[in-house]
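S.K.: fold the following, please.
(chains A, B and C)
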Amino acid sequence: MNTLSDAFMQAGALLAGFDADLLQIVGLSLRVSLTAVAAACLVGFPIGAAVALFKFPGRGAVSLLLNTFMGLPPVVVGLLVFLMLSRSGPLGVLGLLFTPTAMIIAQALLVTPIVAALTRQIVADLWREYSEHMRSIDAGPGARLTTLIYDARFSLMTAALAGFGRAIAEVGAVMIVGGNIDHATRVMTTAIALETSKGNLAAALALGFVLLTIALAVNLVVQVSNSVATRKAALV
Amino acid sequence: MSSRDTILPLDVRRLVFEIDGTRLLHDIDLTLAAGKRTVILGPNGAGKSLLLRLSHGLLEPTSGEIVWRGAGTRARPNRQQAMVFQRPVMLRRSVLANLTHTMKVRGVPRNERHERALAALALAGLSRLAECPARAMSGGEQQRLALARAWTSEPQVLFLDEPTASLDPAASRSVETLIGGFHVAGTKIVMATHDLGQARRLADEVVFLHKGRLLEHTPADEFFDNPRTDEGRAFMAGELLW
Amino acid sequence: MVKPIIAGLSLSLILAVGGVLPSQAQALTLASTTSTENSGLFGDILSHFTKDTGIAVRVVAVGTGAALNLGRQGDADVLLVHSRTDEDKFVADGYGPYRRDVMYNDFTIVGPKSDPAGIKGTHDAAAALAAIAKSGSTFVSRGDDSGTHKAERRLWAMTGINPSGGSGSWYKEAGAGMGATLNTTSGLNAYTLTDRGTWLSFQNRGNLEVVLEGSPPLFNPYGIIPVNPAKHPHVQFEAAEKLVNWLTGPLGQAAIAGFKVNGQQLFFPNARPQ
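M.R.: Residues are numbered from 1 along each chain as shown, chains lettered A, B, ... in the order given. Okay, the predicted model is just below:
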């Protein structure tokens, strides 16, 4: 239909023309989501691995919570972070509301359970293979954690990508804590929401295609470097 | 091997192992002393692997004790022991990194690791593969790497669970040579195998298990030429299948 | 191998956080309504303000109710909204030292060309709503406590009809901004109350057109209120007052009058000299 073909052509024009506003929006989207995923991995890899490797009281409950929080609604996370960061809230003195930092925080909170839950499964599977050897050489908890995380690095990249997919695509959290401020906190998804609410459906769809292209590009980069590295390590 | 407080002899006392109510090892009493190469023989399901794993500390006995000299009952494998499994676990990194990883875990000082790793590689004939991904090697090479890994720990006891069962004869021979190297250096060898030829080549004494019971513990020549029990004779005649 | 990765990630995290904080200090946060944002007004006139004063303005566009909340919580420095009673209450409660007129536009009722309620060309907004209710024609409400929504509720009050009885059947409460509500109205081929600014720049009209305008209750004045520094010491009161004075002064008023969409002026300046 017309809107769809309009959108395709607009998307092409946008991408080819390197429109300054668009570049800024794309840049901010990537900066927010990539930083959020990096933070989520820093926290999620060790937590997921620890739950997989160590017995402790309440372990089953933690695993259940991690899996449940994979489905956290972004708008709920956004609301909670908004209340925390509001000037009238507990962390108000930081003055972070309506800034990219707030958006990074919200997305990091959203993505960490995904990364942790997937890491838990990946490390648990790998531990089945490594367990006897690691116990035979009397590896302590720290050694087990670092060894498993490092050796699972390729699978963990996929977990990180899953987190990135969630972050780059969500609009609920960043809209609430960022405010969709022009030239400040407007990202791809909030821009799409704005164009839609203005009735500019073709423009909104065009931005949607651009977003998909960016996501595709990121996944492509990771997949290629993954397969290069995997071939180098000659993993079976 | 450097002089340390010795952990041998190993005393296994009234060892019982059960899973889900099924008794798999019945009252094993055994003393393993330094010096002799001990080979554990028996048909499939006799309990050889279990005995090794219990002695090494990878499993907990249902009842009975594993007593190392000067240490009482140890709850887990210690630094004076090493174990090589039928299928070696290769970490997803280079051959050299596999060695340095084990040494790091074992607490070998950083400045010694590289040298020791190179020495172990040379011994195992793997020097030219140092930078190769460990998982890309053949089965025999991987098993030699596992032995090189054990070598870097300078263990007093080396447990081996059917180390050549998955290897071709040439690879098996090179593995046996390495095991011989450990023996010459003073490491106590405790090895389970179902390969009679290999047992004849390597054993100084034989521990014969059948259906979870220790039936014979005799010097190698005596067992091979004249087993004391009916089951022992049947096994040597190739008639005892399980 | 792992350590450089961790170092790199931590560094980028610090840069991401640190790179953001300093720049926040200068910009002024203006909480306003989706109707003004969707019309494109701010994109146009605020750039003039920034050029004149060097102060950057960050516009957070939410509904009037939400904007007033942001002011109460201290999350915005200045408010531009359109609900006189609520604005007066805000000042009376001490959250804003004063309120000034800025501009007005008007609401219109838009509906399908087929006009099932038969209100086209009439001039009484309240009577028109009553006709819509009686005919059971679909009406989409903002339903979001915005200035537009409050104006709509005032009209219903004048008719004596409570539309909530039809909520879910002919009375659809969208709980959304003006643009999203217009999208829904267009999709349902229904009636709705909209501000003229958003309507003029709205692209997805479908079968809709203006069916009623010019009725006195449809007058829609906007007020600007700086947030009281006594309640929230951190707000940028000086910069906020600069914006208030600029918008209500000759430059701002001229910029408002000069903002046109498709050759039509959307907002009419009405600030009174101090």
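S.K.: residues making contact with the helix or strand of chain A with the lowest mean pLDDT?
M.R.: Lowest on mean pLDDT, DSSP states H and E among the helices and strands of chain A sits helix A:2-17, with a mean of 79. By CB atoms under 8 Å, 6 or more residues apart in numbering or on different chains, the surrounding residues in contact with helix A:2-17 are A:22, A:201-210, A:213. No exception for glycine: its C-beta is placed from N, CA and C like everyone else's.
S.K.: restricted to buried residues, select those in ChimeraX.
M.R.: In ChimeraX, this line selects whichever of those come out buried by 16 or more other CB atoms under 10 Å in any protein chain shown:
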select /A:22,201,202,203,204,205,206,207,208,209,210
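S.K.: out of the contacts of helix A:2-17, which is nearest to chain B?
M.R.: Lowest distance from chain B to those (CB to the nearest CB) belongs to A:Thr213, with 32.9 Å.
S.K.: how about the nearest residue to the closest one, chain neighbours excluded?
M.R.: Among residues not flanking A:Thr213 along the chain, A:Leu15 sits closest, at 6.8 Å (CB to CB, 6 or more residues apart in numbering or on different chains).
S.K.: could you do B:Leu214 as well?
M.R.: Leaving aside its chain neighbours, B:Leu214 sits nearest to B:Ile28 (5.0 Å; criterion: CB to CB, 6+ apart).
S.K.: that older thread, in helices only, show me the contacts of helix A:2-17.
M.R.: Residues of these located in helices (DSSP state H): A:22, A:201-210, A:213.
S.K.: now for the host helix or strand of C:Ala133, which elements pack on it?
M.R.: Using DSSP states H and E, C:Ala133 sits within helix C:125-135. For helix C:125-135, the elements it packs on are strand C:100-112, strand C:139-141, helix C:147-159, strand C:208-212, judged by 3 or more CB pairs under 8 Å, 6 or more residues apart in numbering or on different chains; DSSP states H and E.
S.K.: separation between the residue lying closest to C:Asn189 once chain neighbours are set aside and C:Lys120?
M.R.: Once flanking residues are discounted, C:Asn189 sits nearest to C:Pro112: 4.6 Å by CB to CB, 6+ apart. To C:Lys120, C:Pro112 is 10 Å away according to CB to CB, to the nearest Å.
S.K.: what's the longest helix in chain B?
M.R.: Taking DSSP H as the criterion, chain B has its longest helix at helix B:169-185.
S.K.: quick one: it near chain A?
M.R.: No: legend: contact between helix B:169-185 and chain A by CB under 8 Å from any CB of the partner chain is lacking; minimum distance shown is 15.7 Å.
S.K.: pull the CA atoms of that helix into PDB?
M.R.: Presented in PDB, the C-alpha positions along helix B:169-185 are these (Å, rounded to 0.1, in the frame of the first residue of the first chain):
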ATOM      1  CA  PRO B 169      47.500 -47.800  19.300                       C
ATOM      2  CA  ALA B 170      50.100 -45.200  18.300                       C
ATOM      3  CA  ALA B 171      48.500 -42.500  20.500                       C
ATOM      4  CA  SER B 172      48.100 -45.100  23.300                       C
ATOM      5  CA  ARG B 173      51.800 -45.900  23.200                       C
ATOM      6  CA  SER B 174      52.800 -42.200  23.500                       C
ATOM      7  CA  VAL B 175      50.500 -41.800  26.400                       C
ATOM      8  CA  GLU B 176      52.000 -44.900  28.100                       C
ATOM      9  CA  THR B 177      55.500 -43.400  27.600                       C
ATOM     10  CA  LEU B 178      54.400 -40.300  29.400                       C
ATOM     11  CA  ILE B 179      52.900 -42.300  32.200                       C
ATOM     12  CA  GLY B 180      56.300 -44.000  32.400                       C
ATOM     13  CA  GLY B 181      57.900 -40.600  32.700                       C
ATOM     14  CA  PHE B 182      55.700 -39.800  35.700                       C
ATOM     15  CA  HIS B 183      56.700 -43.100  37.300                       C
ATOM     16  CA  VAL B 184      60.400 -42.400  36.900                       C
ATOM     17  CA  ALA B 185      60.000 -39.000  38.400                       C
END
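S.K.: pLDDT averaged over it - what is it?
M.R.: Within the predicted structure, the mean pLDDT of helix B:169-185 is 95.
S.K.: and what of stretch B:109-121?
M.R.: 93.
S.K.: swap in stretch C:252-265?
M.R.: 91.
S.K.: and that stretch, how far apart are its ends?
M.R.: End-to-end span of stretch C:252-265 (CA to CA, to the nearest Å): 15 Å.
S.K.: so which bits of that stretch are buried?
M.R.: In stretch C:252-265, counting by 16+ other CB under 10 Å, buried: C:252-253, C:255-256, C:259, C:261, C:265.
S.K.: that older thread, surely the residue nearest to B:Leu214 is within a helix?
M.R.: No: read with DSSP: H, G, I helix; E, B strand; the rest coil, B:Ile28 is strand and lies in no helix.
S.K.: bridged to it, which residues?
M.R.: B:Leu15 (DSSP bridges).
S.K.: low-scoring stretches of the chain, by residue?
M.R.: The chain I'm using is chain A. Scanning chain A for pLDDT under 70 picks out A:1, A:233-236.
S.K.: to clarify, I was referring to chain C.
M.R.: The model of chain C has pLDDT under 70 over residues C:1-25, C:274.
S.K.: for chain A, list the residue farthest from the centre, please.
M.R.: A:Ser136 (37.0 Å; CA atoms, centre = their mean).
S.K.: the buried residues of stretch C:252-265 in strands, which ones?
M.R.: Of the buried residues of stretch C:252-265, the ones assigned to strands by DSSP state E are C:261, C:265.
S.K.: and the two most separated of the contacts of helix A:2-17?
M.R.: A:Leu201 and A:Thr213 (18.8 Å; CB to CB).
S.K.: ok, and the closest non-adjacent residue to B:Asp168?
M.R.: In space, and not counting its chain neighbours, B:Asp168 is closest to B:Gly140: 7.1 Å by CB to CB, 6+ apart.
S.K.: ok so that neighbour is a helix residue?
M.R.: Yes: counting by three-state DSSP, B:Gly140 is located in a helix.
S.K.: what is the burial count for it?
M.R.: 18 (other CB atoms under 10 Å in any protein chain shown).
S.K.: could I get the full set of strands for chain B?
M.R.: B:10-19, B:22-32, B:38-41, B:63-68, B:72-73, B:81-84, B:157-161, B:188-192, B:205-210, B:213-219.
S.K.: export those to TSV and tack on mean neighbour count and distance to B:Thr100?
M.R.: Below are the strands of chain B laid out as TSV (neighbours: other CB atoms under 10 Å in any protein chain shown; distance: least, CB to CB, whole Å):
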stretch	mean neighbour count	distance to B:Thr100
strand B:10-19	17	29
strand B:22-32	16	31
strand B:38-41	27	31
strand B:63-68	17	28
strand B:72-73	12	32
strand B:81-84	26	16
strand B:157-161	25	20
strand B:188-192	24	25
strand B:205-210	23	35
strand B:213-219	17	39
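S.K.: quick one on the thing from earlier: quick one, what contacts the residue nearest to B:Leu214?
M.R.: B:Ile28 makes contacts with B:12, B:14-16, B:51, B:64, B:213-214, as judged by CB under 8 Å, 6+ apart.
S.K.: with respect to chain A, which of those is nearest?
M.R.: For these, the minimum distance to chain A (CB to the nearest CB) is 15.2 Å, reached by B:Leu51.
S.K.: circling back to that earlier point, and of the ones in helices among the contacts of helix A:2-17, the nearest to chain C?
M.R.: A:Leu201 (5.7 Å).
S.K.: so the closest one versus C:Asn204, what's the distance?
M.R.: Taking CB to CB, one finds A:Leu201 at 6 Å from C:Asn204.
S.K.: below-threshold pLDDT in chain B: ranges please.
M.R.: B:1-4, B:70-76, B:241-242.
S.K.: flag every residue of it that's near chain A.
M.R.: B:56, B:58, B:76-79, B:82-83, B:85, B:88-89, B:91-93, B:101-102, B:104-106, B:132-133, B:135-136, B:153.
S.K.: kindly write the ChimeraX command that selects the buried subset of the residues you listed.
M.R.: Applying 16+ other CB under 10 Å to the residues of chain B next to chain A, the buried members can be selected in ChimeraX as follows:
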select /B:56,58,77,78,79,82,83,85,88,89,91,92,93,101,102,104,105,106,132,133,135,136,153
